[in-house]
Structure formats: structure tokens, C-alpha cells
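1. Just need the structure, nothing else, for what follows:
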Amino acid sequence: MASSSPVRHAWRVLLGLLLVTGVLFGINSLGVYVIKDANGEAASSWAPELALDLQGGTQIVLSAETEDGAAPSAEQLDQAAAIIRQRVDASGVAEADITTEGGQNIVVQIPGVADEQTRERIQSSAQLEFRPVLYTDAASTSFIGEDGNETPFPTPDPNLEATPTAEPTDASDLAWITPKLQAEFQAYDCANPDNDPARAPKDQPVIACSPDDAQKFLLGPAELDGTAITDATAGRDPKSGAWLVQLTMSGEGGDAFGVVSTRLNQNRIDGLSPRDQFAFVLDGDVLSAPRMNGVILDGRPSISGSFTQESATTLADQLKFGALPLSFVVQSSDTISATLGTQQLQIGLIAGLIGLALVAIYSLIVYRALGTVIIASIAVMAVLTYVIICILAWRLGFRLSLAGVAGLIVSIGFTADSFIVYFERIRDELRDGKSITAAVEDGWGRAKRTIYISKSINILAAVVLYILADATVKGFAFTLGLTTLIDVFIFVIFTHPVMQLLARTRFFGGGHKLSGLDPEALGAVYRSRSQFREVATATTGRGAKNARARGEADRRQTIAERKRAEALAGDRPTKADSSTDGAREGDA
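-> Numbers count the residues shown, from 1 in each chain. The predicted structure follows:
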């Protein structure tokens, strides 16, 4: 029963691998055949998504604008480019190329066709502002007159009073609403492109609309900007289960928001609606205007409402990455072709196939039938890597660039290294005189420590490269780290169980000459650590083969083993010495 335990364990592990593979294919099948995206198309695919250098995509050129009309500084452009990159990454688009150009523009290149939400994230480039709501109404520019007909609001008279009659005490004070501002609000057309509230001074009230132009708001001066927010996440309310947006503010921002929340909450208690609301204004649009339901002093407010998962996530991303030092105008938006094209991809794939073929040939020559285990392990790894990349493209927006393809090709050699270390350990155990089944288990125990250490270094290198390298190299680092993890997984859950089963077959377990595990061919001439089998001294035939095996064993002895063998040999009398001693005793 004890001898069959490794066999049962091996079969259980292989069944577990089969189950994992089935689950991965099942997950991707859901995205291909069941789940649809916003456009009604399949959410996933059986082909990996390609990056900008292989597929082409969308190019959006943003032109920076400052309040005083001066040219932006290089630091401002770099900061804006970094924030736009965060926005693009948050939308699930990978391998995007975002650069500054000419000291005035930011060029955003996205693989494939950019959807509307991604465009909104990129183009919503103004600073984020917190403004209290003074008044709100439907976005209408007309009213029903006494005659029952719909009449447009008149153009505001330039002579109307534009200065508050009393000094406003805070940003929610109705004294901000002058006769001129009230007339402008009534006639304000949200659809008119000339109305640009993003240019309004921060210390003055402003008229703004919701993104769908269905509601317009009269807002007080800005009290906070996007720098007050350090994090924003979408999640569910643990009580109601509804989607909400949870904010985390900086220390200074949390203190300022505590003052604002105290005032707005008091307005709610006093029934001063809508002056109990505050608006998040991004690029002149009111993203959300929630009511204050309590005093928030810990700097962690949450926004609730009729959110879906998608809308909550979008708002969280806009609030988190909304603090840009500049405002931008979309200068152009075009479709671009692949920078490298399919020819380079084909060359990379051919290079990978050549490398795979060379590894296979080397494995079969050096390890004979045992090389098929290496080939099978690489094949299983390729299948798992392929389906995982498809799933990552669906769930995380991962796209395979030429650098990523290079990482996959390099991983072939790294993967073969693991199996070679394991097989050499097995052969060393066979040279020590162990049985093949014992050599497989003991070789596994020694090889896995070496492989774990080496793979840990590979993963560490991939992580450091991903963090510090340029965006064009991140694809290489990502695929290298991913394949290293899969390599360790295959080594544990496929290669070793297969070897446990093969060691108990007649072909491999019996040490067939073509198996790669022939003890005699490997120089397994030990009886123990210090005693050799008797070998012939002939220079041809079997004697010569045994002599070569003896030499192989001698070369593989450690210094301690060699000294111990010499000491034991010196203590034992040779046959010639024994005969001489016997003759002398007889003579006496």
C-alpha cells in the first residue's frame, strides 16, 4: 500500500490540473458566449488582444490651456500626462502610449477603438472642484407665459446689478445670486458650446449643467479642489447593498470638508434645499450633486444614489484622477495604423517556434525519451498561458505587445531550465546507486529548492523591471513574471506527478537504454557512498563501458567521499597481501 501512495497522489494532482484548466476555459467561455459588453458584443475572445504597436488604435491630441494664456511649464505637462495615464489605466486599457509634444500638447494613443467612456476620461481634463449648490432647475431656456404659450427667457440686460447687495458670509449664501446672475441662469443654454463654466473664476459663483444637459445648477464659489481627494473607490453599502462611491481625503482636505459638511448639514436641518447639496464639478460638468446627510469629520465621505457598478466606478475614477494642473482642448482625434505591423509579429512567432524546436531537439538528444516530459510540460504551460492571457485581456484590458511576445519567447528557455535541473538531480541520485523511484522522489526534494530560489529571483527582476522601466518594456516584464509563475505551477502540478507515474512503468522504471534513466549508462557504480562495484579492466566491449562508468563515478565523488574511500581502502588488506601473509605463516 505504501508503494502505491505516490501513485495515488500523482493522479490526484493531475486531476487537479485538469480541473484548473477546465475552470480557466470555462471562465473565458462565459466571456465569449454569454457575457456581452456595452456594445452588445462578446466581452472576451479566444484570441489575445494586441497592443498599439501590433494592432494600431486611436490617437487623441490634447492642447493645454492656462488661465492667463501663458505656455504651460514642462512640470505641469508631465504631471498632467501622468494623471491622464492613471485615468486610461483605470478604464482597463493597457499598453497605452501617452507623451508630451511641443511643450503644449499631450498625445494619447490607445490600442483599438476607444469607447466613449475612455474618451470622456481622457477629455475631462479640467481641475476638479467642490462647489455648494445655490439653486437648481431643469435645463430649460423658456417658460409658459400668461397666454399659455412657451416663451424663451430674454437675454440678460447688461445693466442689471452684478454685485451682491450684501457681503456673502459663506459659499452657500444666497447673497451671491445677483439679478444679473439670476437672469443668466434662466436663459442659460446647456447645449450652447460657447458656455464654458470651466473657465469661471474659482472664487465666484458659476452656472453648470449635468453631463447629459438635463439639469442646470447655480453653484457657489469653489471650496475644495481635486487635490483634497487621495483615493476614491466604488463599492456596495453593507446595509442596503446599493452601489456607492467612498472617498478618502487628505488631512487638510478632510478638515476643510468637515467645515463644509457642518454648514450643509445645518441647511438640511433647516430645510434649506437645495443648499444642503454640494457639487463635484469636472471640466464644467456637474458629475454629482449629493445631499449632505450628516457631519463628516473623519475625511471619509461616501456618495450614494441610483448608481450602477459601471457608473459608480466611472465616478470614482473621475474623482480620483480629476486633479489636473491644466485644462485641455481636444485638438484632434484620429485612427492610427500599427507602428510595427503583423510582419514583425510573425517574425517573433517564428523565432519562438524555432526556439521551441531547438529545445525539443536538445531535450530528445540529451535526455532521450525523458525529453518528451519536457516537451509535454512546455505544451501544457503554453495552453495555460494562452487562456490566461485571453482572460486578462477581458478582465484587465491586457494587450500583447511585441515586448510581451519577447517575454513569452524568453520564458521557453527559463521553463526548460526547471526541468533540466530536476532531471539532473534524478540522474545524480541514480549514480549514487538508488532505485529509479527513490531517485525521482529524492531528486524532487533537492531540485525544488533550487528552482524555487531561481524563480523567485526571476519574479523579483520582473517586478522591478515592471515598476521602473518605460511603458514600452512593461509588457516584457509582465509576461516574464506571469510565465515564471506558471512555470513553477507546471513544475509542481504536472512534471513531478508525471515522473512519479513514469518511474513505475517498465520502460522508465526498468532503466531502458532509451529512457534516459539507464543507471549503467549514467555511471551508477556505487554500492554505497564509499564502495564501488567491481569493474572489468578491458579496454573494449563491456569492460571498457564499465571502466568509463567507473571514471564517471570517480569524477562525481566529493572530496570527503574520496578521502573516506581511500581511508577504507588503506585499512583493508589486499588479496596479494593476504596471500603473502598466509605463505609466511605456512613457512613458519
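
2. hang on, Leu522 in a strand?
-> No. Counting by DSSP: H, G, I helix; E, B strand; the rest coil, Leu522 is not part of a strand but coil.

3. what's near enough to touch Phe508?
-> By C-beta atoms under 8 Å, 6 or more residues apart in numbering, the contact set of Phe508 is Ala369, Leu370, Ile436, Leu502, Ser515, Leu517. Any C-beta I mention is one placed from the backbone N, CA and C, and that applies to glycine too.

4. neighbour-wise, which of those leads?
-> Among the contacts of Phe508, Leu517 has the most neighbours (other C-beta atoms under 10 Å), with 28 neighbours.

5. So it versus Ser363, what's the distance?
-> 14 Å (C-beta to C-beta, to the nearest Å).

6. now Gln215
-> Noted for Gln215: a distance of 68 Å to Ser363, by C-beta to C-beta.

7. Same drill for these two, tell me which one is more crowded.
-> Ser363 (22 against 16).

8. Could you check the pLDDT of that one?
-> Ser363 is assigned 90 on the pLDDT scale.

9. Tell me which of the contacts of Phe508 fall in helices.
-> Within the contacts of Phe508, residues falling in helices by DSSP state H are Ile436, Leu502.

10. where does the stretch 251-400 of the chain have low pLDDT?
-> Scanning the stretch 251-400 of the chain for pLDDT under 70 picks out the ranges 283, 321-326, 339-342.

11. In it, mark out all the strands, start to finish.
-> For the stretch 251-400 of the chain, the strands defined by DSSP state E, counting those that start in this stretch cover 278-282, 285-288, 302-307, 327-336.

12. now stretch 343-354: how far from the chain's centre is it?
-> Relative to its parent chain, stretch 343-354 has a centroid offset of 25 Å by C-alpha atoms, centre = their mean, to the nearest Å.

13. That should have said stretch 215-231, apologies.
-> Stretch 215-231 sits 32 Å away from the centroid of its parent chain (C-alpha atoms, centre = their mean).

14. Same question for stretch 382-399.
-> 11 Å.

15. what does it contact?
-> By C-beta under 8 Å, 6+ apart, stretch 382-399 touches 20-21, 24-25, 27-28, 31, 43-52, 55, 91-95, 111-112, 400, 408, 475, 478, 482-483, 486, 489-490.

16. Out of these, which end up buried?
-> Buried subset of the contacts of stretch 382-399 (neighbour count, 16 or more other C-beta atoms under 10 Å): 24-25, 27-28, 31, 43-44, 48-52, 55, 91-95, 111-112, 400, 408, 475, 478, 482-483, 486, 490.

17. so of those residues, which ones are in strands?
-> Pro111 (DSSP state E).

18. List the ones among the buried ones among the contacts of stretch 382-399 that fall in helices.
-> 24-25, 27-28, 52, 55, 408, 475, 478, 482-483, 486, 490.

19. Tell me which two in these are the farthest apart.
-> Farthest pair in those (C-beta to C-beta) is Leu52 and Ile490. Separation: 30.9 Å.

20. What residues of stretch 405-423 count as buried?
-> 405-412, 415-416, 418-423.

21. ok so, going back, which two in the contacts of Phe508 are spaced the farthest apart?
-> It's Ala369 and Ile436 that sit farthest apart of these, by C-beta to C-beta, at 13.1 Å.

22. Could you check what's spatially nearest to Thr99, not counting adjacent residues?
-> Spatial nearest neighbour of Thr99, excluding adjacent residues (C-beta to C-beta, 6 or more residues apart in numbering): Val107 at 5.2 Å.

23. Just give the number of residues close to the one you found.
-> Val107: 17 surrounding residues under other C-beta under 10 Å.

24. quick check, it in a helix?
-> No. According to three-state DSSP, Val107 belongs to no helix; its state is strand.

25. you'd agree it is up against Arg85?
-> No. Using C-beta atoms under 8 Å, Val107 is not in contact with Arg85; the gap is 11.9 Å.

26. Return every residue with contacts to both of the two.
-> Counting by C-beta under 8 Å, 6+ apart, the residues touching both Val107 and Arg85 are Ile98.

27. On the pLDDT front, check the nearest residue to Glu161 once chain neighbours are set aside for me.
-> Leaving aside its chain neighbours, Glu161 sits nearest to Pro179 (4.9 Å; criterion: C-beta to C-beta, 6+ apart). pLDDT, Pro179: 91.
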